[in-house]
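>>> sequence unknown, structure follows:
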């Protein structure tokens, strides 16, 4: 079957398999050994996925578990939903549909926690509206006057203009993650 190098064997011309190729049958056997069986649950970037070879909208033989659960729920409870499309007699969610987790927990794939959004633009807007600004936003403050500055600058423009050409040492910008919590960068 496949050639495996043993300990002590070297790469290149000293390898006994050097210059040879696997036959088509051997390649198929290797791929079959490495292939995960259908229905296997995988995890990628915090989201669960299901290995499937039959789903028309799969990506790398995988669909998200949230999509799978929502499709099954809609097929049973609301088969005439406008977001379902029929392919070979089976209804699936449209390809461009984005599925949002209402409680922001990627692992909670219950249909009641999932929300259908028509495009990525709606999804981004929803996240921007629901984001808790004081909890998640990072503020950068000027080292002189403590005004809010952008991520890329060290001083605010007013302090930069006042001290241009002067060799004044200034404190580094301040990073504030939550109100009342200050640390120097």
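Thanks, I have the structure now. Keep in mind that what you see is a predicted model, and the values were worked out from it rather than measured.
>>> pLDDT-wise, which helix or strand of the chain ranks last?
In the chain, the helix or strand scored least confidently by mean pLDDT, DSSP states H and E is helix 133-136, which has a mean of 44.
>>> which stretches of this structure form strands?
Assigned by DSSP state E, the chain shows strands spanning 41-44, 47-51, 62-64, 84-87, 90-93, 98-101, 114-117, 139-141, 148-149, 174-178, 181-184.
>>> how about the fifth one: buried residues?
Neighbour-count burial for strand 90-93, counted by 16 or more other Cβ atoms under 10 Å, picks out 92-93. Every residue, glycine included, has its C-beta placed from N, CA and C.
>>> Note down every partner strand of that strand and its orientation.
With DSSP bridges as the test, strand 90-93 is paired with strand 84-87 (antiparallel).
>>> what residues does the strand it pairs with touch?
56, 71, 74-75, 91-94 (Cβ atoms under 8 Å, 6 or more residues apart in numbering).
>>> so residue 48 bridges to which residues?
residue 43.
>>> quick one: it and residue 41 touch, right?
Yes: contact criterion Cβ atoms under 8 Å: residue 48 and residue 41 qualify, at 5.7 Å.
>>> Name the residues contacting each of these two.
residue 65.
>>> Neighbour count for the two, which is higher?
Comparing residue 48 with residue 41 by other Cβ atoms under 10 Å, the one with more neighbours is residue 48, at 16 against 11.
>>> From residue 16, how far off is the more buried one?
Distance of residue 48 to residue 16, given as Cβ to Cβ, to the nearest Å: 43 Å.
>>> Quick one: list the elements packing against the longest helix along the chain.
Using DSSP state H, we find that the single longest helix of the chain is helix 65-77. Helix 65-77 sits against strand 47-51, strand 84-87, strand 90-93, strand 98-101, strand 114-117, with contacts defined as 3 or more Cβ pairs under 8 Å, 6 or more residues apart in numbering; DSSP states H and E.
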